[in-house]
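[1] A structural model of the following input is requested.
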Amino acid sequence: MTSKPGTYTRPSTYRRPAPRSSRRPSPTFNPFGGETKVNTENPDRGPVLIIAGGNDNTAPTAITHATYKYLAKHNDAVTEIVDVPDRGHSLTIDHGWREVAEIALGFVKRNS
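    Presented below is the predicted three-dimensional model:
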């Protein structure tokens, strides 16, 4: 394959990337394999604790509270939400992670 100086010829094996819309992960994507689905109406589901970081831009407070309301409305199982102000999405690995761990441990002790 010869090209004129200053030009580029695409190799014959070149494949265009898939359109962005077809590369999106499914909403039930699980990086460990399989799909992740929650049957919110399952009467045997275990207790759910939602910990909301006040500065979380990935899962904003409005979303976490809406999720809590939905889960609590559709099932009689224990469902709790705790707001942790001044924390972002990675609240379990950022500063103050012990406080978050104490919240989760208390929830497990109350519901086991």
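[2] drop to CA atoms for contacts and neighbour counts, all remaining ones
    Will do.
[3] in the protein, which helix or strand is least confident?
    Ranked by mean pLDDT, DSSP states H and E, the weakest helix or strand in the chain is helix 20-23, scoring a mean of 54.
[4] which residues of this protein fall in helices?
    Along the chain, the segments classed as helices by DSSP state H run 20-23, 61-74, 97-110.
[5] now the last one: average pLDDT?
    Within the predicted structure, the mean pLDDT of helix 97-110 is 95.
[6] stretch 56-63 too?
    Rounded to a whole number, the mean pLDDT of stretch 56-63 is 90.
[7] name the residues that touch that stretch?
    Residues from elsewhere that reach stretch 56-63 (Cα atoms under 8 Å, 6 or more residues apart in numbering): 52-54, 87-89.
[8] kindly report the same for stretch 100-112.
    When contacts are taken as Cα under 8 Å, 6+ apart, the neighbours of stretch 100-112 outside the stretch itself are 47, 49, 84, 91-92.
[9] run a quick neighbour tally on the closest residue in space to Thr79 that isn't next to it in sequence.
    Taking Cα to Cα, 6 or more residues apart in numbering, and ignoring the residues beside it in sequence, Thr79 has Val48 as its nearest neighbour in space, at 4.8 Å. Other residues near Val48 come to 17 when the count uses other Cα atoms under 10 Å.
[10] so Val48 sits against Val82, correct?
    No - under the criterion of Cα atoms under 8 Å, Val48 lies out of contact with Val82, with a separation of 11.1 Å.
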